[in-house]
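Colleague: structure, please.
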Amino acid sequence: MNQKWTRAICTVLTSALVFTGPAVEGTAFSGYINSGLEKVYAKTQKQKDAEKKKSQAEQNLKDKKNEINGLKDQQQTTADDIKNKSAKLDEILAAQKKLQKDITNKQAEIEQNQKDLAAAQEKQQEQYDAMKKRIQFMYENSAEDNIWTAIIESNGITDMLNRIEYVSDVYDSDRALMDSYQAAVEQVKEIGTKLDNDMNELTAMQDDYEKQQADVEAAIVALENQKEQYASQIAQAQQQADNYQNIITAQGKIIQEQEAAAAAAAAARANSSSSSSSYDGGGAGKGGSIASDYASGGGKNPSASTGVSGSSVVSYAMQFVGNPYVWAGNSLTNGVDCSGFVHEVYAHFGISTPRYSQAFKSVGQAVSFDNIQPGDVVVYPGHVAIYAGGGVIVEAQSTKAGITANRSVQCHTILAIRRLV
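Modeller: Reported below is the predicted structural model:
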């Protein structure tokens, strides 16, 4: 191979590094990459700085989100405490309302007792005054001669005894009435004492409830302030999280720009060498072999995993046959490379795929060569295509050929066959 051809092939293979990445390590591809040309596509210092800033911002964002979640948990706990304290306050207020009713009723009982006591004392005094008058009368008319006169003047022993008994009965009656009135007064006083004790207990309970109310209201105010502080802290933390997200977005854009610049440089080198090279979308030559894991007889034929048919995938892909091949392109109409072609076709059906060829070896399900069906993805060294049926593939072949559907599925060594639908 002359120097001109060697330089052209190395340019193409080195450009492919941008899209195949670590997947080419350990393959024939790496023999060219290790020649030293990869240093042309080394990351710029600007990209390295952007990746470092982006990584740090991502870690900061993760930490800040954890902090926000912690603050929200504390805020929710505080809100629950406020709810519980408010329920406790409602209980205290309800108890106070009932207690106030009990105090009112008890005050009415005390006032009635005071009236009863005054009436009993008045009745007792009236009886006492009447008894004093009777005693005074009996004393004033109880001279010995009068008593003897009463005895002598009596109409016999029976009349005499009756007169003496009458005097005794009057005394006993007065004494009994005085005792009963005195007992009534004492009973009313006892009731009054009990009512006073009951009132003292009720007022003590009232003081206790008022203290509880003050304590709970103060606790609620403190919790409300704490809740507001959490809200303020969450707002500040969210602002910081937004700032970190802006940094991630900005640095990610710088990284994309740097990668795009490297890809554009690779494409430019590939295009500039196309006049002297004939890269045809694979690196193993025509009539390639089949990797042992996918050779005929392997028996791998997985069932469908989606509602999309392989023929629908092929039908959609065939619409773009004849469109240009553009290294690192992403447009099925204006230009795309091999991995981009497969990626964009499957994206149309909502199926996510990698963006570089060798990564397709690990997506979907493995298929043996003898069970290959239209729509299956075929992976070659440095190349990837879609099996169209009839032994051919539809692919973004090369800058010279564009998107085609005329090459044999065995145009290069088959590394993998994967079913994504």
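Colleague: how far off centre is the helix or strand hosting residue 126?
Modeller: Using DSSP states H and E, residue 126 sits within helix 45-140. Here helix 45-140 shows a centroid-to-chain-centroid distance of 35 Å under the convention C-alpha atoms, centre = their mean, to the nearest Å.
Colleague: what is it packed up against?
Modeller: Contact here means 3 or more C-beta pairs under 8 Å, 6 or more residues apart in numbering; DSSP states H and E; on that basis helix 45-140 packs against helix 157-273. For the C-beta atoms, the positions are set from N, CA and C on the backbone; glycine is no exception.
Colleague: by contact count, what packs against the helix it packs on?
Modeller: Packing partners of helix 157-273 (3+ C-beta pairs under 8 Å, 6+ apart): helix 3-20, helix 45-140, helix 144-152.
Colleague: would you point out which residue is most central in this structure?
Modeller: Nearest to the mean C-alpha position of the chain, by C-alpha atoms, centre = their mean, lies residue 69 at 7.7 Å.
Colleague: and that residue, how close does it get to residue 312?
Modeller: The gap separating residue 69 from residue 312 is 44 Å, by C-beta to C-beta, to the nearest Å.
Colleague: give me the below-cutoff pLDDT ranges for the stretch 251-400 of the chain.
Modeller: The model of the stretch 251-400 of the chain has pLDDT under 70 over residues 259-260, 262-298.
Colleague: helices of that one, start to end?
Modeller: Applying DSSP state H, counting those that start in this stretch to the stretch 251-400 of the chain gives helices spanning 310-318, 338-347.
Colleague: and the last one, how far from the chain's centre?
Modeller: So the one you mean is helix 338-347. Centroid separation for helix 338-347 versus its chain: 38 Å, with C-alpha atoms, centre = their mean.
Colleague: which positions in it come out as buried?
Modeller: Neighbour-count burial for helix 338-347, with 16 or more other C-beta atoms under 10 Å as criterion, is recorded at 338-346.
Colleague: just checking, residue 305 touches residue 365?
Modeller: Yes. In this structure residue 305 lies within contact range of residue 365 using C-beta atoms under 8 Å: 7.0 Å.
Colleague: who's more crowded, those two?
Modeller: Remark: of residue 305 and residue 365, residue 365 carries more neighbours, 16 against 12, as counted by other C-beta atoms under 10 Å.
Colleague: report how many residues lie close to the closest residue to the more buried one other than its chain neighbours.
Modeller: Nearest non-adjacent residue to residue 365, counting by C-beta to C-beta, 6 or more residues apart in numbering: residue 302, 3.9 Å away. Neighbourhood size, residue 302 [other C-beta under 10 Å]: 12.
Colleague: next, residue 302: phi, psi?
Modeller: Here is the backbone geometry of residue 302 (degrees, to the nearest 10): phi -70, psi 150.
Colleague: ok, it touching residue 419?
Modeller: Yes. Using C-beta under 8 Å, residue 302 is in contact with residue 419, at 5.5 Å.
Colleague: which neighbours do residue 305 and residue 365 share?
Modeller: Counting by C-beta atoms under 8 Å, 6 or more residues apart in numbering, the residues touching both residue 305 and residue 365 are residue 419.
Colleague: quick revisit: the helix holding residue 126 vs helix 157-273, what angle?
Modeller: 180 degrees (axes from the mean of the first three to the mean of the last three C-alpha atoms, to 10 degrees).
Colleague: tell me where the model's unsure across the stretch 51-200 of the chain.
Modeller: Scanning the stretch 51-200 of the chain for pLDDT under 70 picks out the ranges 134-171.
Colleague: now do 80
Modeller: Scanning the stretch 51-200 of the chain for pLDDT under 80 picks out 123-124, 127-128, 130-178, 180-182, 184.
Colleague: can you pull the contacts of the closest residue in space to residue 114 that isn't next to it in sequence?
Modeller: Counting by C-beta to C-beta, 6+ apart, residue 114 lies nearest to residue 192, which is 6.9 Å off, once chain neighbours are set aside. Residue 192 is in contact with 110, 113-114, 117, counting by C-beta under 8 Å, 6+ apart.
Colleague: and if you look at residue 190?
Modeller: Contacts of residue 190 were listed using C-beta under 8 Å, 6+ apart, and none were found.
Colleague: next one: residue 209
Modeller: Contacts of residue 209 (C-beta under 8 Å, 6+ apart): 92, 95-96, 99.
Colleague: residue 413: which of the residues you listed is nearest?
Modeller: Nearest to residue 413 among these, counting by C-beta to C-beta, is residue 92 at 84.9 Å.
Colleague: do you know how far that closest one is from residue 113?
Modeller: 30 Å.
Colleague: what do you get for residue 84?
Modeller: When distance is defined by C-beta to C-beta, residue 84 is 43 Å away from residue 113.
Colleague: more crowded one of the two?
Modeller: Higher neighbour count among residue 84 and residue 113: residue 113, with 19 against 14, using other C-beta under 10 Å.
Colleague: skipping adjacent residues, who's closest to that one in space?
Modeller: In this structure, residue 113 finds its nearest non-sequential neighbour in residue 192, 4.7 Å apart by C-beta to C-beta, 6+ apart.
Colleague: my guess is residue 327 contacts residue 336. True?
Modeller: No. Counting by C-beta under 8 Å, residue 327 does not reach residue 336; the two are 9.3 Å apart.
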